[in-house]
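[1] need a structure here:
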Amino acid sequence: MNGGGTSLQRVRVWDLPTRVFHWLLATAVIALVVTAKVGGNAMVWHFRLGYLVLALLAFRLVWGLVGGRWSRFTHFIYGPGSVFAYLRGHAGPGGHFEVGHSPVGALSVFALLAVLSAQVGTGLVADDEIANQGPLYRFVSGDTAATATGWHTGPGQWLIIGLVVLHVLAIVFYRVAKGRNLVGPMLSGDKQLPAGTPASADRLAQRALALLVLALCAGGAAWVASLGG
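    A predicted model of the protein is given here:
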């Protein structure tokens, strides 16, 4: 029992596929920034990592529809009223603002996914006019490629870096100011929550489905990459 007399129990919030996606994406994004800054031969890996991120984003789109309860978009798409209520300190219906993504956390997630999608999309048609072209470069006009390249190498990468920094700062803020560990649950999948809090399904069947979805998304990314050959 906690101080308020509410019984707490371990609840599976983040299913394994969501956790693997999260850490793979974080690692890939950091490596993409590094390889872009290094340039030269590192651009080979920059492209490979870009295809990995393409596959991961496609996977997350599908998993947001069929994944575990708290990974589904329907459980962290909030209206303006919910965002303002959360900012005023409300816990949400049944305290569910604190289970998966909070309204503010959801905004940051969607922002990062949108910016990453734009970055991958522009990278697919970019041309650095030296030695590297995206696999879809030949399907767009020169003006479109130039605009995409300008975004990809300019505002796009800085937006991603900024959002990543904000994400890390938010984790630190919640840990220091609110005493909430956001990293631990993304490693273990579980949170200590009031009894009766709905859990995310995370059984063998869900994991097998995730592997199938990821394999299809990886195949799609590989096909896109082959168009540049």
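
[2] show me which helix runs longest in this protein.
    The longest helix of the chain (DSSP state H) is helix 42-66.

[3] contacts for that one, please.
    17-18, 21, 24-25, 28-29, 31-32, 34-36, 71-73, 113, 116-117, 120, 123-124, 131-132, 209-210, 213-214, 217-218, 220-222, 224-225 (CB atoms under 8 Å, 6 or more residues apart in numbering). Backbone N, C-alpha and C define where each C-beta goes, glycine included.

[4] check stretch 211-222 too.
    Residues contacting stretch 211-222 (CB under 8 Å, 6+ apart): Pro17, Tyr51, Leu52, Leu54, Ala55, Leu56, Ala58, Phe59, Val62, Trp63, Val66.

[5] buried set for the least confident helix or strand in the chain by mean pLDDT?
    Of all helical and strand segments in the chain, the minimum by mean pLDDT, DSSP states H and E falls on helix 80-87, at a mean of 85. Within helix 80-87, the residues scored as buried using 16 or more other CB atoms under 10 Å are Ser82, Ala85, Tyr86.

[6] go on, stretch 24-42?
    Within stretch 24-42, the residues that qualify as buried are Leu24, Leu25, Ala28, Val29, Ala31, Leu32, Val33, Thr35, Ala36, counting by 16+ other CB under 10 Å.

[7] and if you look at stretch 46-54?
    His46, Phe47, Leu49, Gly50, Tyr51, Leu52, Val53, Leu54.

[8] with stretch 122-141 instead?
    Across stretch 122-141, burial judged by 16+ other CB under 10 Å covers 122-127, 132-137, 140.

[9] just the C-alphas of stretch 212-227, formatted as PDB.
    The C-alpha trace of stretch 212-227 is given here as PDB (Å, rounded to 0.1, in the frame of the first residue of the first chain):
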ATOM      1  CA  LEU A 212       6.300 -10.300 -39.100                       C
ATOM      2  CA  VAL A 213       5.500  -6.600 -39.300                       C
ATOM      3  CA  LEU A 214       9.100  -5.600 -38.900                       C
ATOM      4  CA  ALA A 215      10.200  -8.100 -41.600                       C
ATOM      5  CA  LEU A 216       7.700  -6.700 -44.100                       C
ATOM      6  CA  CYS A 217       8.800  -3.100 -43.200                       C
ATOM      7  CA  ALA A 218      12.400  -4.100 -43.700                       C
ATOM      8  CA  GLY A 219      11.600  -5.700 -47.000                       C
ATOM      9  CA  GLY A 220       9.900  -2.500 -48.100                       C
ATOM     10  CA  ALA A 221      12.900  -0.400 -47.000                       C
ATOM     11  CA  ALA A 222      15.200  -2.700 -48.900                       C
ATOM     12  CA  TRP A 223      13.100  -2.400 -52.000                       C
ATOM     13  CA  VAL A 224      13.200   1.500 -51.800                       C
ATOM     14  CA  ALA A 225      17.000   1.200 -51.400                       C
ATOM     15  CA  SER A 226      17.200  -1.000 -54.500                       C
ATOM     16  CA  LEU A 227      15.600   1.700 -56.600                       C
END
